[in-house]
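Student: Sequence and predicted structure are below.
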Amino acid sequence: MTNSAGLSFIELKRMCTLTDGNLARHMQVLVEAGFIAIFKGLDGNRVVTLCRLTAEGRRRFMDYLAVLEQVVVDASNAVDGESASRIARS
């Protein structure tokens, strides 16, 4: 899902299944690290908190995904190697 405007606190809370306090703390850490930016706006008469990845946050997230992909490749290769080894011993 991509949303250039960001995601609301309520959407993030629902997606992450976190309490308000837990999500607020995670967001605070990510803001301090420069990975996300928080914006306050209005939706009718209600205040809405929007969270958006910064350029640095997006870069770091993409780096993280690349590492996870490599872990999957390495695990797959290890399983394939073990299977080949078992077949050779049979």
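Tutor: The structure has been received and is ready for your questions. Numbers count the residues shown, from 1 in each chain.
Student: This protein: strands as residue ranges?
Tutor: 7-8, 36-43, 46-53 (DSSP state E).
Student: Out of these, which gets nearest to residue 64?
Tutor: The closest approach between residue 64 and any of those, judged by C-beta to C-beta, belongs to strand 46-53 at 12.0 Å. No exception for glycine: its C-beta is placed from N, CA and C like everyone else's.
Student: Could you check the angle the closest one makes with strand 36-43?
Tutor: 150 degrees (axes from the mean of the first three to the mean of the last three C-alpha atoms, to 10 degrees).
Student: Point to the residue nearest the middle of the protein.
Tutor: The residue at the geometric middle of the chain, judged as the C-alpha nearest the mean C-alpha position with C-alpha atoms, centre = their mean, is residue 61 (6.6 Å).
Student: Would you mind putting the strands of the chain into TSV with mean pLDDT and distance to residue 78 alongside?
Tutor: Formatted as TSV, those follow (pLDDT from 0 to 100; distance: least, C-beta to C-beta, whole Å):
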stretch	mean pLDDT	distance to residue 78
strand 7-8	94	36
strand 36-43	92	35
strand 46-53	94	33
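Student: Please identify the deepest-packed of those strands.
Tutor: strand 7-8 (a mean of 17; mean count of other C-beta atoms under 10 Å).
Student: List the neighbouring strands of it plus their orientation.
Tutor: When sheet partners are counted by DSSP bridges, strand 7-8 sits next to strand 46-53 (antiparallel).
Student: Give me the distance from the partner strand to the chain's centre.
Tutor: Counting by C-alpha atoms, centre = their mean, to the nearest Å, strand 46-53 is centred 17 Å from the centre of its parent chain.
Student: residues in contact with it?
Tutor: Where contact means C-beta atoms under 8 Å, 6 or more residues apart in numbering, the residues beyond strand 46-53 that reach it are 4-9, 12, 27, 35-42, 61.
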